[in-house]
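*Asks:* Okay, predicted coordinates and the sequence, questions at the end:
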Amino acid sequence: MAINSPRKSFREVLEGEECVFPASVFDPISSRMACDLGFEIGMFAGSIGSAVVLGSPDYILLTLSEFADQSRRICRASDLPLMVDADHGYGNALNVSRTIEELENSGVSAITIEDTSLPRTYNETSQRLISLDEGKGKINAALNSRKDPQLSIIARTSAVTISSLEEAIIRAKEYEQLGADGIFFTGVSKISDLEQISSEIKIPILLGNLTQEINNKTFLSSVGVKVALQGHLPFYAGLKSIYQTMHDLKNGASTDQLMPNILSDAEINRFINLEDFNQMIKKFM
């Protein structure tokens, strides 16, 4: 895989005129499926990483090496441009620098670094933001640590949820001045809020889960939103299917009864690249 090709494709999304809904992916097979279906980009979230790798909640338990390893597996499997949620960068600005190094090496196309104080400290009952100066230090460290200029560094802020829209815009403008390639907002739910954000910053806007009010591609495109997440339904739908199949088998269902619910052999073989391996066997073995 040419490492710059997916990154260039991701930048084309950021520079385009339309908002893109990414595929939520979590392993090599889901990455190939997203490519097969024509998704422009993929998203690998920290919460999904924690669930896939550890079977744990999104409490900042996953380590950088574990997250980077899974990202590498996803990137190796297809040419899908992958954006990853690197949470707080796994520590301070020095840790952010290491995070960029590891994730860039894994082949990802875009990395988000957020300004939430993570993990929660002792006796802390609610989320809080790190200071703006610390947030700027982390984004600066991220920008200065990348070796490939095609890699997109996305500043992420939770200020809309934790503080206010005004604070979110202040932070976004500061991150924009530093040279961030985009600003990822969580907690934005109103048309008026998006319109205000769009009037204040010029670089691409990325959004977390969409509310019913703003879930309109035409509108999102008109206010400079380039990427908008739709949650992580593929992973959770997959879990339900696995659980239901195991449940039915345990309770006496025959394999013939369950066959209509699974992929055909031809589909499975396509997603595991069976024919490519068979050709290599013929050529080299």
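*Replies:* It's in.
*Asks:* hey, let's count contacts and neighbours off CA atoms from now on
*Replies:* Fine.
*Asks:* Next one: the most centrally placed residue in the chain from V52, what distance?
*Replies:* Centroid check for the chain by CA atoms, centre = their mean gives M43 as the closest residue, at 3.1 Å. When CA to CA, to the nearest Å is the yardstick, M43 and V52 sit 14 Å from each other.
*Asks:* How about L14?
*Replies:* For L14 relative to V52 (CA to CA), the value is 28 Å.
*Asks:* Looking at the two, which is more packed in?
*Replies:* Per other CA atoms under 10 Å, whichever of L14 and V52 has more neighbours is L14, with 23 against 15.
*Asks:* From the contact counts, what lies against whichever strand or helix holds the more buried one?
*Replies:* Secondary structure from DSSP states H and E places L14 in helix 4-15. Counting contacts by 3 or more CA pairs under 8 Å, 6 or more residues apart in numbering; DSSP states H and E, helix 4-15 packs against strand 225-228.
*Asks:* And the average pLDDT for the strand it packs on is what?
*Replies:* Averaged across strand 225-228, pLDDT comes to 98.
*Asks:* Give the buried residues for the helix or strand that that strand is followed by.
*Replies:* Note on strand 225-228: by DSSP H and E, the next helix or strand toward the C-terminus is helix 233-250. Using 16 or more other CA atoms under 10 Å as the test for burial, helix 233-250 gives 235, 245.
*Asks:* Now do the same for helix 233-250: mean pLDDT, whole number.
*Replies:* So the average pLDDT for helix 233-250 ends up being 97.
*Asks:* Centre of the chain to the strand or helix carrying S65, how far?
*Replies:* Element membership of S65, judged by DSSP H and E, is helix 64-77. Chain-centre distance of helix 64-77: 12 Å, with CA atoms, centre = their mean, to the nearest Å.
*Asks:* Domain map for the protein?
*Replies:* Taking automatic domain parsing as the reference, the chain has its domains at 4-233, 238-284.
*Asks:* Check those domains for me and report the most buried one.
*Replies:* Most buried of these by mean neighbour count (mean count of other CA atoms under 10 Å) is domain 4-233; its value is a mean of 19.
*Asks:* and stretch 235-250, C-alpha only, in PDB?
*Replies:* Output of stretch 235-250 as PDB, limited to C-alpha atoms (Å, rounded to 0.1, in the frame of the first residue of the first chain):
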ATOM      1  CA  PHE A 235     -19.700  -2.800  15.800                       C
ATOM      2  CA  TYR A 236     -22.700  -3.000  18.000                       C
ATOM      3  CA  ALA A 237     -24.800  -4.600  15.300                       C
ATOM      4  CA  GLY A 238     -22.100  -7.200  14.900                       C
ATOM      5  CA  LEU A 239     -22.100  -7.900  18.600                       C
ATOM      6  CA  LYS A 240     -25.900  -8.400  18.600                       C
ATOM      7  CA  SER A 241     -25.500 -10.800  15.700                       C
ATOM      8  CA  ILE A 242     -22.800 -12.800  17.400                       C
ATOM      9  CA  TYR A 243     -24.700 -13.000  20.600                       C
ATOM     10  CA  GLN A 244     -27.900 -14.000  19.000                       C
ATOM     11  CA  THR A 245     -26.200 -16.700  16.900                       C
ATOM     12  CA  MET A 246     -24.500 -18.200  20.000                       C
ATOM     13  CA  HIS A 247     -27.800 -18.000  21.900                       C
ATOM     14  CA  ASP A 248     -29.600 -19.900  19.200                       C
ATOM     15  CA  LEU A 249     -27.000 -22.600  18.900                       C
ATOM     16  CA  LYS A 250     -26.900 -23.000  22.600                       C
END
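*Asks:* Contacts for it, please.
*Replies:* 24-26, 48, 255, 258 (CA atoms under 8 Å, 6 or more residues apart in numbering).
*Asks:* at 7 Å what do you get?
*Replies:* Contact with stretch 235-250 is made by no outside residue, as judged by CA atoms under 7 Å, 6 or more residues apart in numbering.
*Asks:* what kind of secondary structure is T161 in?
*Replies:* What DSSP: H, G, I helix; E, B strand; the rest coil gives for T161 is helix.
*Asks:* Now do the contacts for the residue lying closest to it once chain neighbours are set aside.
*Replies:* Nearest in space to T161, with sequence neighbours left out and distances taken as CA to CA, 6 or more residues apart in numbering, is G187 at 5.2 Å. Contacts for G187 (CA under 7 Å, 6+ apart) come out as 158, 160-161.
*Asks:* if you set the cut-off to 8 Å instead, what comes out?
*Replies:* Contacts of G187 by CA under 8 Å, 6+ apart are 158, 160-161, 208-209.
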